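[1] build me a structure from this.
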Amino acid sequence: MVMNDEISHKIMDRAPSPQVVAVARAAGMRLLREDGWDKVRAGATTVDEVVMCTAL
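    Numbering: from 1, shown residues only. I've put the predicted structure just below:
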């Protein structure tokens, strides 16, 4: 995630995390799991590795 003014203001205002995530996603942030699926499709990793590393 690349920090910008809008994300920074949300954090400084102690906004709930879903609001921070929504602003970050609107600015182009991708989740680690999303990036992992791209790497699976490219053959750089396995489904098991993505699931293990991004489990909740």
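
[2] can you give the distance of stretch 29-49 from its chain's centre?
    In terms of CA atoms, centre = their mean, to the nearest Å, the centre of stretch 29-49 is set 12 Å apart from its chain centre.

[3] residue numbering should commence at 644 henceforth.
    Understood, numbering begins at 644; the last thing we discussed is stretch 672-692.

[4] and the contacts of it?
    Identification of contacts with stretch 672-692 by CB atoms under 8 Å, 6 or more residues apart in numbering yields Met644, Val645, Val664, Val693, Cys696, Thr697. Just so you know, the C-beta spots here come from the backbone N, C-alpha and C atoms, and that holds for glycine as well.

[5] so which bits of it are buried?
    Gly679, Val683 (16 or more other CB atoms under 10 Å).

[6] what would stretch 664-678 look like as PDB? C-alpha coordinates only.
    Taking Å, rounded to 0.1, in the frame of the first residue of the first chain, the C-alpha atoms of stretch 664-678 are listed here in PDB:
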ATOM      1  CA  VAL A 664      -9.100  -0.300   3.600                       C
ATOM      2  CA  ALA A 665     -11.800   1.100   1.400                       C
ATOM      3  CA  VAL A 666      -9.800   4.300   0.800                       C
ATOM      4  CA  ALA A 667      -6.600   2.300   0.200                       C
ATOM      5  CA  ARG A 668      -8.400   0.000  -2.300                       C
ATOM      6  CA  ALA A 669      -9.800   2.900  -4.100                       C
ATOM      7  CA  ALA A 670      -6.300   4.200  -4.400                       C
ATOM      8  CA  GLY A 671      -5.100   0.900  -6.000                       C
ATOM      9  CA  MET A 672      -4.100  -1.200  -3.000                       C
ATOM     10  CA  ARG A 673      -4.300  -4.900  -3.700                       C
ATOM     11  CA  LEU A 674      -4.600  -7.600  -1.000                       C
ATOM     12  CA  LEU A 675      -1.700 -10.000  -0.500                       C
ATOM     13  CA  ARG A 676      -4.000 -12.900  -1.400                       C
ATOM     14  CA  GLU A 677      -5.000 -11.200  -4.700                       C
ATOM     15  CA  ASP A 678      -1.300 -10.800  -5.600                       C
END
